[in-house]
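A.B. asks: kindly return the folded structure for what I paste below:
(chains A and B)
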Amino acid sequence: MTAGIDTGDTAWVMMATALVLLMTPALGLFYAGLVRSKNTLNTFMMCLGAIAVAMVTWALVGYSFAFDAGNGIIGGFGHALLSGVTLEPRAGQTIPHLLFFAFQATFCIITTALVCGAVVERMRFGAFLIFAALWSVLVYAVLAHWVFGGGWLQAGGALDFAGGVPVEIASGFSALAAAIVVGPRRDWGRQAFLPHNAMFVLLGAGLLWFGWFGFNGGSALAANRTGVLAFVNTLLCPACTLAVWFVLDLLRTKRITAIGAATAVIVGCVAITPAAGYLSPGWAMALGVVAALPSYAVIVLRPRWRVDETLDVLAAHGTAGLVGLLFIGLVAQIGWNGVSDGLLYGNADQLLWQALAVAGAVAYAFVVTFALLKALGALMPLRVSPSDEAIGLDVISHGEEAYATGEGALLVLQSESASAA
Amino acid sequence: MKLVIGIFRPEKTNDVLEALYHADVRGFSMSRVQGHGGELERVETYRGTTVRMDLSEKVRLEVAVSDEFVEPTVSALREGARTGQVGDGKIMVLPLDQVMRIRTGEHDRGAVTPVSN
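C.D. replies: Modelled structure (predicted):
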């Protein structure tokens, strides 16, 4: 091994990278279970599409815009086309630069996939892929630069452990913008849309939580004390959110629901994401309790809005990410994180910077996504036709069905004479 | 008394149910069926194997109605199910000898008229 590289750190971040990549197909399951059966494959394919598109854009320019020095807003072209991304470590790190690139790539991929939750069941697949390519560079990479790559928020002192700004706020508020521009599903407000497979939703949530240990635990970029703190907080916080969600469900409907529980797991994981390496385990549990309330409220109110933000990306990611980011400013403890205290421990500046991070990220993600989709919409249709939407995007966009019976399916042979005979 | 059978596209189910509701038709049975009605076959591909789907998913709705409700039911079915493309389905009206409501033992007209309340 090259000098400066730690084998234990490298082994853990390789594992964590694989864990985070698993989150994207897990999200595909989670989302596919929530839509109607005729859109199952299309929904999953949007998540797989994000892997194909965002991995390529990340290697071309995304990584460079996020992690090259550049200025306070955006990185330069120094690492474009993987230039300078070698097996030597980056300054201050103990893992090969190439591994750091790959670990961060999986974050860009899952975030791009998250946004599709706002537009499933009606957006054209091709239009989504083009949107995903541009979004991964214009929104994700820029916000990652702000908090991870030496941008103005990081320089000022805002703390974001594993992506409250570029992952959670970015996906949540971009989803809101996307739902507004693309418009609601044709039967929105007229017909009830039920999740077609609750087991997919539960399985997807479980796999997402599993992957999240790599997401948060790996964000220390080392198998060290901070990594362990983030790892254990990722266990504590979502469990508390789950428990509180049970109580909220019980109070509201007298029953504890399974899809509510799956949602609670996501909300808890999101809330701890920015804060995982900065809070004491006790405060992480408190964050799990606090974060449940606003997300639950947004989910309950959403069906009454005219905006069809279909799979609650705003409630689960935008809202909980925002709570997690602000919570750092209140209760961060230097004794646990070695970086900074929050307001409760005498450092009011931290809360100010966390609030700035939230405000800047919300505004940037919403405005840029809104403008991007408006521009794309002027060049191409964003939605399928109403009749295609009624038939379902599995057959229309992919020529396959998730639950084909095979009855009445005839094999089409290559030559016309063979089929005629 | 007639038995009205409608066979139509599954994606028009909601429209048909709404149209029936507006026509004050309340009682019916619904089933999922597969059929072929001269529409273009769908071609699907699974791992390089191309197949022609000769059977399409359809919904079959059966409504037993008294004579004055035949025309409103048929109109509502057509209005809800029509797209104008081949494959919209069929509406069939059959004579009905006898109907009994199991709960009360009411016959015929009383049996097909919805209970008010």
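A.B. asks: residues in contact with the residue of chain B found nearest chain A?
C.D. replies: Residue of chain B nearest chain A, by CB to the nearest CB: B:L55 (2.9 Å). C-beta: built from backbone N, CA, C; applies to glycine. Counting by CB atoms under 8 Å, 6 or more residues apart in numbering or on different chains, B:L55 touches A:E407, A:G408, A:A409, B:Q34, B:G35, B:H36.
A.B. asks: now render the residues you listed as JSON lines, adding distance to A:D312, neighbour count and pLDDT.
C.D. replies: JSON lines is the format used below for those (distance: CB to CB, whole Å; neighbours: other CB atoms under 10 Å in any protein chain shown; pLDDT from 0 to 100):
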{"residue": "A:E407", "distance to A:D312": "36", "neighbour count": "9", "pLDDT": "78"}
{"residue": "A:G408", "distance to A:D312": "38", "neighbour count": "15", "pLDDT": "77"}
{"residue": "A:A409", "distance to A:D312": "36", "neighbour count": "18", "pLDDT": "82"}
{"residue": "B:Q34", "distance to A:D312": "35", "neighbour count": "13", "pLDDT": "90"}
{"residue": "B:G35", "distance to A:D312": "38", "neighbour count": "16", "pLDDT": "89"}
{"residue": "B:H36", "distance to A:D312": "40", "neighbour count": "13", "pLDDT": "85"}
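A.B. asks: restricted to helices, list the residues you listed.
C.D. replies: Among the contacts of B:L55, no member is found in helices (DSSP state H).
A.B. asks: farthest-apart pair in those residues, please.
C.D. replies: The most widely separated members of the contacts of B:L55 are A:A409 and B:G35, with 14.4 Å between them, by CB to CB.
A.B. asks: can you show me the CA trace of the strand of greatest length in chain B as CSV?
C.D. replies: What stands out as the longest strand in chain B, according to DSSP state E, is strand B:56-65. Only the C-alpha atoms of strand B:56-65 are listed here, as CSV (Å, rounded to 0.1, in the frame of the first residue of the first chain):
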residue,chain,number,x,y,z
SER,B,56,-55.8,-8.2,-23.7
GLU,B,57,-56.8,-7.5,-20.2
LYS,B,58,-60.5,-6.5,-20.1
VAL,B,59,-63.0,-5.7,-17.4
ARG,B,60,-66.4,-7.4,-17.5
LEU,B,61,-69.3,-5.7,-15.7
GLU,B,62,-72.7,-7.3,-15.2
VAL,B,63,-75.7,-5.3,-14.2
ALA,B,64,-79.2,-6.7,-13.7
VAL,B,65,-81.7,-3.9,-14.4
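A.B. asks: what is that strand packed up against?
C.D. replies: Contacts defined by 3 or more CB pairs under 8 Å, 6 or more residues apart in numbering or on different chains; DSSP states H and E place strand B:56-65 against strand B:2-8, helix B:13-22, strand B:29-35, helix B:70-81, helix B:108-112.
A.B. asks: of all the ones you listed, which one is nearest A:N347?
C.D. replies: Per CB to CB, nearest to A:N347 of those: helix B:13-22, 56.4 Å.
A.B. asks: contact partners of the closest one?
C.D. replies: A:187, A:190-191, B:6, B:8, B:26, B:28, B:30, B:59, B:61, B:63, B:73, B:76-77, B:79-81.
A.B. asks: got the angle for that helix vs strand B:56-65?
C.D. replies: Put simply, helix B:13-22 runs at 10 degrees to strand B:56-65, going by axes from the mean of the first three to the mean of the last three CA atoms, to 10 degrees.
A.B. asks: mind listing what's buried in helix B:13-22?
C.D. replies: Buried residues in helix B:13-22, counted by 16 or more other CB atoms under 10 Å in any protein chain shown: B:T13, B:D15, B:V16, B:L17, B:A19, B:L20.
A.B. asks: same deal with stretch B:57-67?
C.D. replies: Applying 16+ other CB under 10 Å to stretch B:57-67 flags B:E57, B:K58, B:V59, B:R60, B:L61, B:E62, B:V63, B:A64, B:V65, B:S66 as buried.
A.B. asks: one more: stretch A:344-355?
C.D. replies: Buried residues in stretch A:344-355 (16+ other CB under 10 Å): A:N347, A:Q350, A:L351, A:W353, A:Q354.
A.B. asks: show me which residues of chain B are close to chain A?
C.D. replies: B:9, B:11-12, B:14, B:34, B:36, B:42-46, B:49-55, B:83, B:85 (CB under 8 Å from any CB of the partner chain).
A.B. asks: how about the one residue in the stretch 201-350 of chain A that gets nearest to chain B, nearest residue that isn't a chain neighbour?
C.D. replies: Here the stretch 201-350 of chain A gets closest to chain B at one residue, A:D308, 16.2 Å apart by CB to the nearest CB. Computed as CB to CB, 6 or more residues apart in numbering or on different chains, the closest residue to A:D308 that is not its neighbour in sequence is A:P184, at 3.3 Å.
A.B. asks: contact partners for that neighbour?
C.D. replies: Counting by CB under 8 Å, 6+ apart, A:P184 has contacts A:R306, A:V307, A:D308.
A.B. asks: next, find the distance separating A:R90 from chain B.
C.D. replies: Using CB to the nearest CB, to the nearest Å, A:R90 is found at 42 Å from chain B.
A.B. asks: apart from its chain neighbours, what residue comes closest to that residue?
C.D. replies: Going by CB to CB, 6+ apart, A:R90 has A:H97 as its nearest residue, at 5.0 Å.
A.B. asks: tell me if I'm right that the one you found and A:T86 touch.
C.D. replies: Yes. The pair A:H97 / A:T86 is scored as a contact, 5.5 Å apart, by CB atoms under 8 Å.
A.B. asks: neighbour count: the two, which is higher?
C.D. replies: A:H97 (19 against 13; other CB atoms under 10 Å in any protein chain shown).
A.B. asks: roughly how far does the more buried one sit from A:V61?
C.D. replies: 17 Å (CB to CB, to the nearest Å).
A.B. asks: show me which residues of the stretch 301-421 of chain A sit near chain B.
C.D. replies: Checking the stretch 301-421 of chain A against chain B by CB under 8 Å from any CB, the hits are A:387, A:390-392, A:395, A:399-401, A:404-405, A:407-412.
A.B. asks: about what we covered before: so who does the residue of the stretch 201-350 of chain A closest to chain B touch?
C.D. replies: A:A179, A:G183, A:P184, A:R185, A:W188.
A.B. asks: out of those, which is nearest to A:L314?
C.D. replies: A:A179 (8.2 Å).
A.B. asks: secondary structure element for that closest one, which one?
C.D. replies: helix A:170-182 (DSSP states H and E).
A.B. asks: tell me the average confidence for whichever helix or strand comes after that helix?
C.D. replies: The helix or strand immediately downstream of helix A:170-182 is helix A:198-217, counting by DSSP H and E. Taken as a whole, helix A:198-217 has a mean pLDDT of 98.
A.B. asks: cool, stretch A:270-277 as well?
C.D. replies: Rounded mean pLDDT across stretch A:270-277 is 98.
A.B. asks: can I get it in PDB, CA atoms only?
C.D. replies: Output of stretch A:270-277 as PDB, limited to C-alpha atoms (Å, rounded to 0.1, in the frame of the first residue of the first chain):
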ATOM      1  CA  VAL A 270     -32.900  11.100   6.600                       C
ATOM      2  CA  ALA A 271     -33.000  13.200   9.800                       C
ATOM      3  CA  ILE A 272     -29.800  11.600  11.200                       C
ATOM      4  CA  THR A 273     -28.000  11.900   7.900                       C
ATOM      5  CA  PRO A 274     -26.600  15.400   8.300                       C
ATOM      6  CA  ALA A 275     -26.200  15.000  12.000                       C
ATOM      7  CA  ALA A 276     -24.900  11.400  12.300                       C
ATOM      8  CA  GLY A 277     -21.300  12.200  13.300                       C
END
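A.B. asks: and residue 77, what does it touch?
C.D. replies: I'll assume chain A. Here A:F77 is in contact with A:V61, A:S64, A:D68 (criterion: CB under 8 Å, 6+ apart).
A.B. asks: let me rephrase: I mean chain B.
C.D. replies: With CB under 8 Å, 6+ apart, B:L77 has these contacts: B:V4, B:G6, B:F8, B:V16, B:A19, B:L20, B:L61, B:I91.
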